[in-house]
Structures are given as structure tokens and as C-alpha cells.
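K.L.:
Everything below, folded, please.
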Amino acid sequence: MTESPRVTVGIEALDVYAGSAWISAADLAAGRQLDPARVTNLMLAGRSVALPFEDPVTHAVNAAKGLLDDLEPAVRARIELVLVATESGVDYSKSISSYVHRHLDLGPECRLLEVKQACYAATGALQLAAGYLASGASPDARVLLIATDVGLVDERAEYAELATGSGAVALLLSEHPRVLELDLGAFGLHSFETMDTARPGPEIELADADLSLVAYLECTVRSFADYCRRVADVSLVETFDFLAFHTPFAGMVRAAHRRAMREFTGLDPAAVAADFSRRVEPSLHYPAQVGNLFSGSLYLALSSLVDRLPAGTDGARVGLFSYGSGCSSEFLSGTVGEDAQRVVSARGIEARLAARRRLTFAEYRDLLPLGRDCLVPRQHLKVESHAAWRPDTTGTPLLALQGIENYHRRYEWI
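P.N.:
Just a heads-up that it's a prediction; the model follows:
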């Protein structure tokens, strides 16, 4: 009997857009008169800030454009599903993916969907897309999955304000997983209803930091326990060469790693700390500069990890933990492709993060209401030129919000 060929599905390419500006954690903490010792525990350098012409649509398009421009036309033409994961939706009916599809100039033979489940949404969409690709229903198809969000927090969020980022991560999914091949069928789940964070309206973001931490830690260990139930002979220490977590801030990841190691291994505290440095810290470099990218957070951590893989670790197995408030969580895994580091480093993520404009606290404070304006449904809105805020346009063009006319959002390339 002839054996069926092995199905391979996963991430073919990825890119990150973390906005055009940022503020350092130290400057923001000083401006809000927060305790510097508590700020240190967050393990944050700073966070991205959306400028007045940036919204979830521009973030999504700017994250995906360079990646798609580098594709062969025949490969680009095979994109037949566009999924946008967001909790910053700009319409209760019309999907952000419709704007993304238009401004990325994709073909009409496409399914367009928006997915919501807080910070877990991109992983849920990833698994649904992986099942579609693995089914063979449309051989050699591509799926474009983008996680995009704009944070709403202000001084009312206290320390959470320091960790709330803005931006998007774009993933191209296919049967040619050069970046990460998913371990199909290897996953663990844990979900329950809770009110740790929510957005009951376009201008309101609620957060119960203590409840969110408890739910996150509980989901970390329970989703991994379910993974062990489904997959034989799993060891948290030996099965995975590296670990990447949903990363609101690195201090939360450190707490989750410590909890999981305490529950599933017999290592002493010194060995746990060494394990964290070796297997987890490479994934934290980009999140420490960007803040929480919501459903893009895990995949920002993955991009950081791949960009920092030590030599000779091609084929490394990565354990991935995804969490979304409300709440839903999953532990999944995959192996790094032989070409992964070259594919990811070619995107120049590090250089683009370094090129962002650093804001003063006064500039940041003045920008907050302007950022909220673009997320509130309204019949008409004109976005001023804000020439002082615009980035250098001599490089890659960026999509920018121009305004809203009769509820229709209008964009331009700058």
C-alpha cells in the first residue's frame, strides 16, 4: 500500500509593523509618577504609539505590504483567504479585512473574515486556516492572517498603560512553512468565562490586572496539561528547544514560565532561571520594545525568537502559549524551518523598530485623544495633515488614514 505524503502546513513568511512612534517606559512612568521599582518588574523598554493617521487598517496593511510585494505574482495570486484578528474593529458589520484586501490590491477570488477573541483570536484563526490548508481542498493555496490592534489605555490604566502597544503582525500561511511548520494535531486547550479585560465600547478599555494575571497563569498550566493528554511522551523541558508566550510584558511571561516549571518539572529555582534565560528570553526582545500587541503578541515573540536563534538550531521545536482575555487559551507547537532565520531577518524588523520616532511624554499625552478619534464610529472625520507627526517618506510608502466620509474610511499612501 502506498503511504500518503506527509502534510506540512505552517508559516511561510511573517512581518511586523509596530507603528512610526514609541515612548520609553521610563518617560511614561515619570510622566504618570509611577513607582520606578514596579516599572522595572515589567521588563519593558517602551511601547509603540499610534499616530493620528494610524488605525487598525493601516497597521494591518503596512505589516503585510512588504511581505506580499516580495512574493512571485503566481504565489500572490494564490491568496484566497484573508483573516484579520482584532479587538479594535472599526465597524460592527463590515470587516477590516475588506479594507486590507483593497489596499493590498489582492485578487477578487478571496474569502474575507474578521475574527475576535481578545488576544487569542490570531491563534484560533491560525488553527482554522491550518485545517483548511491541510485538507487539500485547494492545493497550494495561501492564507493571509493579520493580527492588528490599537491600544486605548490612558492614565486610568495605571501600570498597564506602560505595557499596551500598537501595531500588527502579518503571517503568510501555506503548505511551504519556511518559518514554522505546525505540529498538526498537537495542541492543548483551556477556556472559561471571566471579565479580566474587555472593550464594551470603542472608547472604553477595562482591565482587572490581578484577575488577568491569575487567569493567564491558570491557562498556561491547564492548556499544557491538555497538550500532554493529547500528545504522548511530552516533557516541558526536553520536548521543546524554545518557548514563546503571549507577551503583555516580559515580567508576566517570567511568572508563567516559573509556574509551569514548578508544576511540571522538579527543577530548583536556579535551574528554572537558567532555563528561562536560554529558552524564553530570545523571544522577549521585540515585545520589550513594542508592548502588548494583543493577538499579534505571541507572533511578535516568535519573530523575536527566530531572529535570535543560536547557530545550529535549525529544526528546533518551539512550544507556543496563546492567551486571550475572556478567556480562551491554547498551547501548540511547531518546528523552525531551515530557512527561517534568513526569511525573518530579511524583513528588517529590528531596523524598523529602531527608526521609530521617540515621543516625549507631552507629545504622547496630546496624541491620546487623537488616536481614539479614529476608532469611534462617526459619519465624518477629517484627519489633519499632522505634518510634524508624519514619518520620513523617502523609504517604503505607508498607508495612512485620510478621513471618514459618510462612515466610509478613506486612506492614502504617504
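
K.L.:
Surely residue 339 touches residue 177?
P.N.:
No. Taking contacts as Cβ atoms under 8 Å, residue 339 lies outside contact range of residue 177: 10.1 Å. The C-beta positions use only the backbone N, C-alpha and C, and glycine is treated the same way.

K.L.:
So for these two, which residue has more residues nearby?
P.N.:
A count of neighbours by other Cβ atoms under 10 Å puts residue 177 above the other of residue 339 and residue 177, at 23 against 11.

K.L.:
Could I get the pLDDT score of the nearest residue to the more buried one once chain neighbours are set aside?
P.N.:
Nearest non-adjacent residue to residue 177, counting by Cβ to Cβ, 6 or more residues apart in numbering: residue 10, 2.9 Å away. Note on residue 10: pLDDT of 98.

K.L.:
Convert the helix or strand containing residue 331 to PDB, retaining C-alpha atoms only.
P.N.:
Element membership of residue 331 [criterion: DSSP states H and E] is strand 328-336. Output of strand 328-336 as PDB, limited to C-alpha atoms (Å, rounded to 0.1, in the frame of the first residue of the first chain):
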ATOM      1  CA  SER A 328      -9.500  31.300  25.800                       C
ATOM      2  CA  SER A 329      -6.100  29.700  25.600                       C
ATOM      3  CA  GLU A 330      -4.000  27.200  23.700                       C
ATOM      4  CA  PHE A 331      -0.600  25.500  23.900                       C
ATOM      5  CA  LEU A 332       0.600  24.500  20.400                       C
ATOM      6  CA  SER A 333       4.000  23.700  18.900                       C
ATOM      7  CA  GLY A 334       6.000  23.600  15.700                       C
ATOM      8  CA  THR A 335       9.400  23.200  14.200                       C
ATOM      9  CA  VAL A 336      11.600  26.000  12.900                       C
END
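
K.L.:
shared neighbours, residue 339 and residue 177?
P.N.:
Applying Cβ atoms under 8 Å, 6 or more residues apart in numbering, one finds that no residue jointly contacts residue 339 and residue 177.

K.L.:
Thought residue 258 was touching residue 221, still the case?
P.N.:
No. Judged on Cβ under 8 Å, residue 221 makes no contact with residue 258 at a distance of 11.0 Å.

K.L.:
Distance check, the residue positioned nearest the centre of the chain against residue 121.
P.N.:
Geometric centre of the chain, nearest residue: residue 296, 1.0 Å, by Cα atoms, centre = their mean. As for residue 296, its distance to residue 121 is 10 Å (criterion: Cβ to Cβ, to the nearest Å).

K.L.:
got it, and residue 249?
P.N.:
Going from residue 249 to residue 121 by Cβ to Cβ gives 20 Å.

K.L.:
Same question for residue 144.
P.N.:
Residue 144 is 15 Å from residue 121, by Cβ to Cβ.

K.L.:
for residue 316, same thing?
P.N.:
With Cβ to Cβ as the criterion, residue 316 and residue 121 are 26 Å apart.

K.L.:
Which residue of those two possesses the greater neighbour count?
P.N.:
With neighbours defined as other Cβ under 10 Å, residue 316 and residue 121 compare such that residue 121 has more, 26 against 19.

K.L.:
who's in contact with that one?
P.N.:
85, 86, 87, 115, 147, 295, 324.

K.L.:
Nearest to residue 273, out of these: which one, please.
P.N.:
residue 324 (28.1 Å; Cβ to Cβ).

K.L.:
what residues are up against the closest one?
P.N.:
Each residue near residue 324 by Cβ under 8 Å, 6+ apart is listed here: 117, 118, 119, 120, 121, 123, 246, 295.

K.L.:
change it to 7 Å
P.N.:
117, 118, 119, 120, 121, 295 (Cβ atoms under 7 Å, 6 or more residues apart in numbering).

K.L.:
same check, this time on residue 181
P.N.:
Residue 181 neighbours (Cβ under 7 Å, 6+ apart): 8, 10, 334, 335, 337.

K.L.:
can you do 8 Å?
P.N.:
8, 9, 10, 334, 335, 337.

K.L.:
And the contacts of the longest helix along the chain?
P.N.:
The single longest helix within the chain, with elements called by DSSP state H, is helix 209-230. Outside helix 209-230, the residues that touch it by Cβ under 8 Å, 6+ apart are 158-160, 185-191, 194-197, 234, 236, 245-246, 248, 252, 255-256, 259-260, 263-264, 319, 321, 323, 325, 327, 329-333.
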